[in-house]
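*Asks:* sequence unknown, structure follows:
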């Protein structure tokens with residue numbers, strides 16, 4: 001590394017995204033405490049964190065080896081993962097980076113090897129324009145003011161300073177502008193705070209300084225100060241819902257019409273394009289009492305997807321306090337009478353997949369999930385999908401529940417044996433995040449597989465199978481081919497125990513002879529002494545056996 005610092009090439013840009021995520025995690029609580037505008041819902045830090053994490057994941061997975069390619073991946077990830085008003089703004093800052101680096105690469109015959117001070121200054125200036133365009137009229141005292149100050153300082157420094165100097169100038173100007181926000185916006189003065197989004201921008205600039213120079217300045221922790229009184233303290237009631245969605249197939253001429261319709265339905269309207277050549281893709285954000293109307297407005301101009309509806313601030317708490325009495329419950333999807341009894345016996349609320357559905361692995365709809373969430377009467381719900389809920393239905397059902405004021409935590413259980421492992425460690429006395437993490441670890445720690453009967457001749461990784469053979473499956477691969485399900489199950493258990501294990505759980509499906517369980521018990525007793533095997537007849541459809549090892 002040279003005296004002036006590290007080059008901001010493709011590798012360094014990925015590192016910056018990684019560092020920014022880590023620094024936002026550190027400062028999320030601080031930023032959330034500052035969040036009073038446009039709605040005091042204490043989620044600006046969280047939204048910026050999740051948006052930046054989505055950008056980093058996309059860039060980390062990208063095969064791009066040039067800085068413009070990595071910047072494009074960051075912008076794409078931020079667009080798809082944008083959360084909240086601050087997330088939309090952050091997506092536009094990253095889009096500015098993608099636009100400017102792409103243009104710089106096109107202007108240079110040998111491409112763009114790294115981002116210098118002039119390119120960074122141009123990025124910040126372009127970001128100001130994109131943010132203002134997406135938000136409509138700029139509001140003094142917000143992240144826009146901080147971004148404008150950073151851009152101006154970067155432009156002034158770009159002619160004489162190197163990249164590290166430009167970053168320092170931008171960050172220091174951003175801090176000065178951030179301190180002034182409390183004087184520019186009366187809602188901030190009333191709460192005694194600086195702008196939360198502006199604080200988040202300073203975190204991102206400091207992370208960039210750390211990436212390039214190896215160190216970042218120490219900043220004060222911003223805490224609410226004594227409020228400033230105003231004669232006019234009246235304010236309209238805050239909207240109940242935050243609505244976000246991606247809109248595809250939208251003609252640029254329709255964007256302003258959509259903005260006008262959303263302005264009539266609520267406030268905090270932001271419509272951000274995916275890029276200069278966006279193919280009609282836009283990220284749409286609005287706060288409104290009419291969540292359905294906000295989504296319907298988009299239908300007139302394109303196709304909405306990734307719809308998110310979140311109850312805002314006090315609205316969610318009031319709804320939860322008024323309608324949900326129990327503190328926390330577990331909702332498990334279970335197929336078969338025996339499975340329903342098993343999960344219910346462990347204290348879970350049970351939802352049964354549609355018995356007439358052709359595919360039991362996608363037999364629960366978002367509407368059924370929402371009804372089950374409400375029926376539990378709980379303000380917090382840990383969800384065990386157990387492999388019966390398609391991802392899009394799970395997301396839609398959980399999103400709708402959040403709009404009802406229910407805090408939903410999906411636990412990644414892909415099989416009923418994983419669900420049982422997670423349920424065994426559930427503790428309603430722990431904090432929800434701790435309970436969810438512990439349950440998720442238990443589910444992930446349960447190695448699992450299934451056994452089914454082959455219906456046709458086929459070539460598998462384990463050899464050729466014929467109708468009637470037993471197939472031992474882990475993940476998506478057939479690992480065992482045997483003469484019947486008992487032999488296949490025994491072979492699969494042997495494989496699952498290679499990495500160790502103390503408890504084997506076998507769930508037998510509809511029509512499976514009880515003798516199968518007894519035969520497996522004898523096999524484990526003979527081949528794996530000291531290992532316990534528990535068999536339950538759940539009567540589930542599909543696979544003959546579900547096997548888990550803990």
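*Replies:* Sure, I can see it. It should be emphasised that the depicted structure is a prediction, and the values quoted were computed from it without experimental measurement. Numbering: from 1, shown residues only.
*Asks:* just the buried positions in stretch 178-186, please.
*Replies:* Under the neighbour-count criterion of 16 or more other CB atoms under 10 Å, stretch 178-186 has 178, 180-182, 184-186 buried. No exception for glycine: its C-beta is placed from N, CA and C like everyone else's.
*Asks:* list the contacts of it.
*Replies:* Applying CB atoms under 8 Å, 6 or more residues apart in numbering, the contact partners of stretch 178-186 are 37, 139-142, 145-146, 188-189, 192-195, 198-199, 201-202, 225, 230.
*Asks:* for stretch 133-153, what is the average pLDDT?
*Replies:* On average, the pLDDT along stretch 133-153 is 89.
*Asks:* from one end of that stretch to the other, what's the distance?
*Replies:* Using CA to CA, to the nearest Å, one end of stretch 133-153 lies 21 Å from the other.
*Asks:* what lines up beside the host helix or strand of residue 464 in the sheet?
*Replies:* Assigned by DSSP states H and E, residue 464 belongs to strand 463-465. The pairing partners recorded for strand 463-465 under DSSP bridges are strand 458-460 (antiparallel).
*Asks:* give me the buried positions along the strand it pairs with.
*Replies:* Going by neighbour count (16+ other CB under 10 Å), the buried part of strand 458-460 is residue 460.
*Asks:* pLDDT of it, averaged?
*Replies:* Taken as a whole, strand 458-460 carries a mean pLDDT of 89.
*Asks:* now swap in stretch 433-443 and tell me
*Replies:* With pLDDT averaged residue by residue, stretch 433-443 scores 92.
*Asks:* and that stretch, how far from the chain's centre?
*Replies:* In this view, stretch 433-443 has its centroid 17 Å away from the chain centroid, taken as CA atoms, centre = their mean, to the nearest Å.
*Asks:* contacts for it, please.
*Replies:* The contact list for stretch 433-443 (CB under 8 Å, 6+ apart) reads 328, 382, 409, 411-414, 418-419, 421-428, 430, 550.
*Asks:* which residues does residue 531 contact?
*Replies:* Going by CB under 8 Å, 6+ apart, residue 531 touches 497, 501-504, 524.
*Asks:* redo that, cut-off 10 Å
*Replies:* Residues in contact with residue 531 (CB atoms under 10 Å, 6 or more residues apart in numbering) are 493, 497, 500-504, 524-525, 549.
*Asks:* for it, what are phi and psi?
*Replies:* Main-chain dihedrals, residue 531, degrees, to the nearest 10: phi -100, psi 130.
*Asks:* can you check residue 536 too?
*Replies:* The phi/psi pair for residue 536 (degrees, to the nearest 10) is phi -130, psi 130.
*Asks:* confidence score at it?
*Replies:* For residue 536, the model assigns a pLDDT of 94.
*Asks:* partner residues bridging it?
*Replies:* Under DSSP bridges, the beta-bridge partners of residue 536 are residue 507.
*Asks:* touching, it and residue 339? I think so.
*Replies:* Yes - between residue 536 and residue 339 there is a contact at 7.9 Å, judged by CB atoms under 10 Å.
*Asks:* between those two, which contacts overlap?
*Replies:* The contact sets of residue 536 and residue 339 overlap at 416, 420, 507, 546 (CB under 10 Å, 6+ apart).
*Asks:* and the residues you listed, which is closest to residue 288?
*Replies:* When those are compared for distance to residue 288 (CB to CB), residue 416 wins out at 39.9 Å.
*Asks:* spatially nearest residue to that closest one, not counting backbone neighbours?
*Replies:* residue 386 (4.8 Å; CB to CB, 6 or more residues apart in numbering).
*Asks:* isn't there a helix covering the one you found?
*Replies:* No - going by DSSP: H, G, I helix; E, B strand; the rest coil, the assignment for residue 386 is coil, not a helix.
*Asks:* which residues touch it?
*Replies:* By CB under 10 Å, 6+ apart, residue 386 lies in contact with 332-335, 339, 343, 351, 353, 361, 364, 411, 413-420, 422, 443, 540, 546.
*Asks:* which intervals of the stretch 301-450 of the chain have sub-threshold pLDDT?
*Replies:* 313-326, 358-362, 403-405 (pLDDT under 70).
*Asks:* which residues in it form strands?
*Replies:* Secondary structure of the stretch 301-450 of the chain by DSSP state E, counting those that start in this stretch: the strands cover 303-311, 326-333, 349-351, 378-384, 407-410, 447-453.
*Asks:* just name the most buried of these.
*Replies:* strand 378-384 (a mean of 25; mean count of other CB atoms under 10 Å).
*Asks:* next, the angle strand 326-333 makes with it.
*Replies:* In terms of direction (axes from the mean of the first three to the mean of the last three CA atoms, to 10 degrees), strand 378-384 departs from strand 326-333 by 30 degrees.
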